[in-house]
Structures are given as structure tokens and as C-alpha cells.
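Participant: Quick one: sequence plus predicted model below, questions after.
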Amino acid sequence: MEQQVTPKEKILKKVRQALKNKSKSLYLNIDLDTNVFKQAPDGEKMLETFAKAFTLQNGEFIFCDNRFDFIDKLLTLLEQKKWKHFFCWERQLQDMLKDTGINFTYKKDNLEKIQASITGCEALISRTGTVLISSQRNSRTLTIWPPAHLVVAYKSQLVMELKDGLQLVRNRYGKNSPSMLNFISGPSRSSNIENTMTIGAHGPVEFFVFLIDDVMKSD
């Protein structure tokens, strides 16, 4: 009895045949590796590009001269917002908050009370104003569940393109790559057929990036 071939198997067979019998390219001198965008000349330009792109997407960008300046500006924001249920699961950030006396919650059984969360990140993509976060640092819960999401980043984490951010992740973790990468560009937003924009439809209504300057300045 002849075995029936499903439509899916027929498609996969054609794909395999196409991969084996590749046609020669008509244009042999095309450069597919060089960046099509003009590169930013320095870190200051990347910082300016990120801040502009990020704020255009309704993100709140806060530059900090150092860690002390970050704590001062974080305390100011917490006082303004009056958040009582502030969540932090990242050990390094927890240690920083403990040293300053900032109250936070780390118990996962109180998620229904969460008002804001604070996380680190892997990289900041300058050209698109995007924050790259991985599951190695935090679960996806703290990036989509709370009404407000705060990210602590460093100037040394600024890269120009998405591929540069992914390279940072590969360099940091090697074979132990994160199971999830999350690319966030501003607060969650969605629009309907009438182009009515809704902020916070599938995630935080407010999105903050505290960028700490950790790059030595030359004289």
C-alpha cells in the first residue's frame, strides 16, 4: 500500500531540494555584511541617539552621573509615585537597594499587589531606543506584569545595532545562552482598526530607564 504524503511533508521536501540545489547568484559583488547605516562616531552620540529614540516611544529616560546620583533620582521618583509594592528579584540590585534603605519586595506570592518593578538589562540598542533583557537576570513576569517597569542600565551597555547587543549576550554567557530575550521599546501599546492608541494594553503603562555613566572620561 502506497504511503500517503501530507502537504507539510511535500513542502519540506521541496525546501530540502532547494537547499541542496542552490542557484548561482546573478550579483556576486553585493556586500551583505557592511552596515547600511552610518556609524555613530562615539559613545556620546550613541547616548544621544538612544535617548531620542527611547523618549519618542513614550519612555522616560533618566541620566545618572554615577551610582549615588542614580539612588538620589530613584528615591525622588519613588517619593513622587508613592509606590508601596516595589518588586526586585535581581541580587545585585537588591544589594544596592538594601544599602540605601529602599523598601522592596522579592516574594513571588505577592504579585497581585505589584505596582512597579526594577530590573537590570543586557544592552541598550541605540538606533531603535530598545532595551534588551534576558531571562538570565529576571523572569518575564517583572517586565510585563507591573504597571511600571524601571530598568537600571550602564553607559558601557550602549551599542548601536541589534546585532551588537546580541553579540554582548553571546560574549557574556557563551554556551549558556538565556532561554528568552526580550526587546522592549517604550511602554506597551496597541491600536485598534480606528488607530486609537492604548498605552499599557499588554504590559507596563510607564517605562523608565536609569542610565548610569560608568565610562571613564578622558581629559
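Facilitator: Received it, and whenever you're ready, just let me know what you need.
Participant: What is the burial count for Asn176?
Facilitator: Asn176: 8 surrounding residues under other Cβ atoms under 10 Å. All C-beta spots, glycine's among them, are computed from the backbone N, C-alpha and C.
Participant: give me phi/psi at it?
Facilitator: phi -90, psi 50 (degrees, to the nearest 10).
Participant: Which secondary structure element of this structure has the lowest mean pLDDT?
Facilitator: Within the chain, no helix or strand scores below strand 197-199, which has a mean of 43 by mean pLDDT, DSSP states H and E.
Participant: Please could you give me each C-alpha atom of the next helix or strand after that one, formatted as PDB?
Facilitator: Sequence order places strand 206-212 as the next helix or strand after strand 197-199, per DSSP states H and E. The C-alpha atoms that make up strand 206-212 are tabulated as PDB, following Å, rounded to 0.1, in the frame of the first residue of the first chain:
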ATOM      1  CA  GLU A 206       5.200  53.500  32.400                       C
ATOM      2  CA  PHE A 207       8.700  52.500  31.300                       C
ATOM      3  CA  PHE A 208      11.800  54.200  32.800                       C
ATOM      4  CA  VAL A 209      15.500  53.700  32.000                       C
ATOM      5  CA  PHE A 210      18.100  55.000  34.500                       C
ATOM      6  CA  LEU A 211      21.400  55.200  32.600                       C
ATOM      7  CA  ILE A 212      24.400  55.300  34.900                       C
END
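Participant: any idea how far Ala148 is from Ile125?
Facilitator: Distance of Ile125 to Ala148, given as Cβ to Cβ, to the nearest Å: 22 Å.
Participant: Over to Gly101?
Facilitator: Using Cβ to Cβ, Gly101 is found at 21 Å from Ala148.
Participant: quick one: which of the two has more around it?
Facilitator: Using other Cβ under 10 Å, the more surrounded residue of Gly101 and Ala148 is Ala148, with 21 against 8.
Participant: Verify the stated contact: the more buried one with Thr119.
Facilitator: No: using Cβ atoms under 8 Å, Ala148 is not in contact with Thr119; the gap is 11.7 Å.
Participant: Okay, strands next: where are they in this protein?
Facilitator: 60-64, 86-87, 116-119, 123-125, 130-134, 148-154, 158-159, 181-184, 189-191, 197-199, 206-212 (DSSP state E).
Participant: Can you say which of these is nearest to Arg140?
Facilitator: Proximity to Arg140 (Cβ to Cβ) singles out strand 181-184 among those, at 6.3 Å.
Participant: any low-confidence regions in the protein?
Facilitator: In the predicted model, the chain carries pLDDT under 70 at residues 1-3, 22-42, 138-139, 188-203, 216-219.
Participant: show me where it has helices.
Facilitator: 7-20, 43-56, 67-81, 91-100, 141-144, 162-173 (DSSP state H).
Participant: so of those, which one's packed in deepest?
Facilitator: Of the helices of the chain, the one with the most neighbours on average (mean count of other Cβ atoms under 10 Å) is helix 141-144, at a mean of 19.
Participant: what's near enough to touch Arg170?
Facilitator: For Arg170, the contact set (Cβ atoms under 8 Å, 6 or more residues apart in numbering) comprises Ser177.
Participant: If we ignore the residues flanking it in sequence, what's nearest Asn110?
Facilitator: Leaving aside its chain neighbours, Asn110 sits nearest to His85 (7.1 Å; criterion: Cβ to Cβ, 6 or more residues apart in numbering).
Participant: Is it correct that the one you found is in contact with Ser117?
Facilitator: No: contact criterion Cβ under 8 Å: His85 and Ser117 do not qualify, at 9.6 Å.
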